[in-house]
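here's my sequence, what's the structure:
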Amino acid sequence: MLSICLITLDERVNGVLYSGNMVVSGGTLVRQTTSDSSLPTSAIIAGNLTVTGGDIYLDTPGGSTNAIANNGFGTLYVLGNVTWTGGTYHPLVMGVAQDGMVGNATAPSDKWSATKTFTIGIFVTIDPIVLDSDYGYTGAPYGDGIWLVLRGGGGIIGNPNAVGLDAPWSITTGGVAPVTLWYLNYQA
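Below is the predicted model:
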């Protein structure tokens, strides 16, 4: 049982960060950012991931905003199934217009992705972190928007209305049956 895991980009072996099934029951699962723009913006777990508690960050919490500006938003790829029954996912989302977009489905954001089924329980929370044009932290987006934050290649099983998420945030699903995408919506 893994209770605390810190994912760093320099721990890769042949592009795979962790090989085998992983269980996170507390602590923090982080894809650590760096200001080196030559490094990849994703972390890969080759195996199934079960999260029963703790915090999931795809960018270093409280980390350098310069790292995000240079290295981009993060993606956690799980080459297998994800079972998420507890804990909080903290995706970064761009809260201002960028390339004419204010939070549309292609606007910059962190993404957590499974190649197989992504099962989501009722004791999970999504707590988005909004960035401004200088990649600094801000409380809310500067307008209504939508950001892709979860993807399940084999489908997402779960009730988006049961996820802990503060208003005016909500979740919209996408993809042809089965549902394969979850978007964060912000409507002021």
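
identify the residues contacting stretch 147-158?
Contact partners of stretch 147-158, identified using Cβ atoms under 8 Å, 6 or more residues apart in numbering, comprise 81-82, 89, 91, 93-94, 103, 105-122, 126, 128, 173-174, 178-184. For every residue, glycine as well, the C-beta is placed using N, CA and C.

cutoff 7 Å now
Residues outside stretch 147-158 that contact it (Cβ atoms under 7 Å, 6 or more residues apart in numbering): 91, 93, 103, 105, 107, 109-121, 178-184.

give me the subset of those residues lying in strands.
Secondary structure defined by DSSP state E assigns Val93, Lys111, Trp112, Ser113, Ala114, Phe118, Thr119, Ile120, Leu181, Trp182, Tyr183, Leu184 of these to strands.

can you redo those as CSV with distance to Asp59, pLDDT and neighbour count?
Output for these, formatted as CSV (distance: Cβ to Cβ, whole Å; pLDDT from 0 to 100; neighbours: other Cβ atoms under 10 Å):
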residue, distance to Asp59, pLDDT, neighbour count
Val93, 11, 87, 23
Lys111, 11, 92, 20
Trp112, 12, 95, 26
Ser113, 15, 95, 21
Ala114, 19, 96, 27
Phe118, 20, 97, 27
Thr119, 24, 97, 18
Ile120, 21, 97, 24
Leu181, 21, 95, 18
Trp182, 19, 94, 23
Tyr183, 19, 92, 20
Leu184, 15, 91, 22
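
closest to Val30 out of those?
Relative to Val30, the closest of these is Trp112; by Cβ to Cβ it sits at 12.4 Å.

show me what that closest one is bridged to.
Leu76, Leu150 (DSSP bridges).

low-confidence stretches in the chain?
1-18, 32-41, 60-72, 97-106 (pLDDT under 70).

show me where it has helices.
Ranges of helices in the chain, per DSSP state H, are 65-71.

and stretch 111-122, how far out from the chain's middle?
Chain-centre distance of stretch 111-122: 10 Å, with Cα atoms, centre = their mean, to the nearest Å.

ok, residues contacting that stretch?
Residues contacting stretch 111-122 (Cβ under 7 Å, 6+ apart): 56, 58, 75-86, 89, 148-159, 162-163.

repeat that with 6 Å
75-85, 150-158, 162 (Cβ atoms under 6 Å, 6 or more residues apart in numbering).

show me how to select, in PyMOL, the buried members of these.
To isolate the buried members of the contacts of stretch 111-122 in PyMOL, using 16 or more other Cβ atoms under 10 Å:
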select buried, resi 75+76+77+78+79+80+81+82+83+84+150+151+152+153+155+156+158
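
keep only those of the contacts of stretch 111-122 that are in strands.
Here DSSP E is the test, and the contacts of stretch 111-122 give Thr75, Leu76, Tyr77, Val78, Val82, Thr83, Trp84, Leu150, Arg151, Gly152, Ile156, Ile157 as lying in strands.
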